[in-house]
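A.B. asks: I need the structure of the sequence given here:
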Amino acid sequence: MYAVVETGGKQVRIETGDQILVERLPGDVGESVEFDDVRLIVDGEEVVTDREALGKAKVKAVIRDHGRGKKVIAFRFKRRKKVRVKKGHRQPYTQIEVTDILASG
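C.D. replies: Next up is the predicted model:
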């Protein structure tokens, strides 16, 4: 059984027991989190895409860690104009472990 959940503006495919990185979520390590925005549930041959049924569905997870990703360098350069701009960015993330997928809320 797996589900597709939207979090942080991205859709993520998750199964029970998965540990995944998502955009930064509020909460402390060890806290429980629920995702209500379920887009799809697949259980064997049964595929649920009905909005009413998915409105009751939830995915429960536990926050395992907070951190920041690898540094991404944005370098802008224009030749012969003496324009060189170097900026760095590290995206914050939250590592979660999926504990349960509830199809009926």
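A.B. asks: CA atoms for contacts and neighbours, from now on please.
C.D. replies: OK.
A.B. asks: What strand or helix carries residue 62?
C.D. replies: Residue 62 belongs to strand 58-68 when assigned by DSSP states H and E.
A.B. asks: Give the pairing partners of the helix or strand following that strand; include direction for each.
C.D. replies: Next in sequence after strand 58-68, counting helices and strands by DSSP H and E, comes strand 72-78. Within its sheet, strand 72-78 is paired with strand 83-89 (antiparallel), according to DSSP bridges.
A.B. asks: Average pLDDT for the very next helix or strand once past the strand it pairs with, rounded please.
C.D. replies: Once strand 83-89 ends, the next helix or strand along the chain (criterion: DSSP H and E) is strand 92-102. What strand 92-102 shows for mean pLDDT is 96.
A.B. asks: give the contact list for residue 98.
C.D. replies: Residues near residue 98 by C-alpha atoms under 8 Å, 6 or more residues apart in numbering: 14, 15, 16, 17, 18, 19, 59, 60, 61, 62.
A.B. asks: my read: residue 59 touches residue 36, true?
C.D. replies: Yes - judged on C-alpha atoms under 8 Å, residue 59 makes contact with residue 36 at a distance of 6.8 Å.
A.B. asks: With neighbour numbers in mind, choose between the two.
C.D. replies: Neighbour totals were compared for residue 59 and residue 36, and residue 59 leads with 23 against 17 (other C-alpha atoms under 10 Å).
A.B. asks: okay if I get the contacts of residue 98 as JSON lines plus distance to residue 3 and pLDDT?
C.D. replies: Below are the contacts of residue 98 laid out as JSON lines (distance: C-alpha to C-alpha, whole Å; pLDDT from 0 to 100):
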{"residue": "14", "distance to residue 3": "6", "pLDDT": "95"}
{"residue": "15", "distance to residue 3": "7", "pLDDT": "95"}
{"residue": "16", "distance to residue 3": "9", "pLDDT": "94"}
{"residue": "17", "distance to residue 3": "12", "pLDDT": "94"}
{"residue": "18", "distance to residue 3": "11", "pLDDT": "94"}
{"residue": "19", "distance to residue 3": "14", "pLDDT": "96"}
{"residue": "59", "distance to residue 3": "8", "pLDDT": "95"}
{"residue": "60", "distance to residue 3": "11", "pLDDT": "96"}
{"residue": "61", "distance to residue 3": "13", "pLDDT": "97"}
{"residue": "62", "distance to residue 3": "16", "pLDDT": "98"}
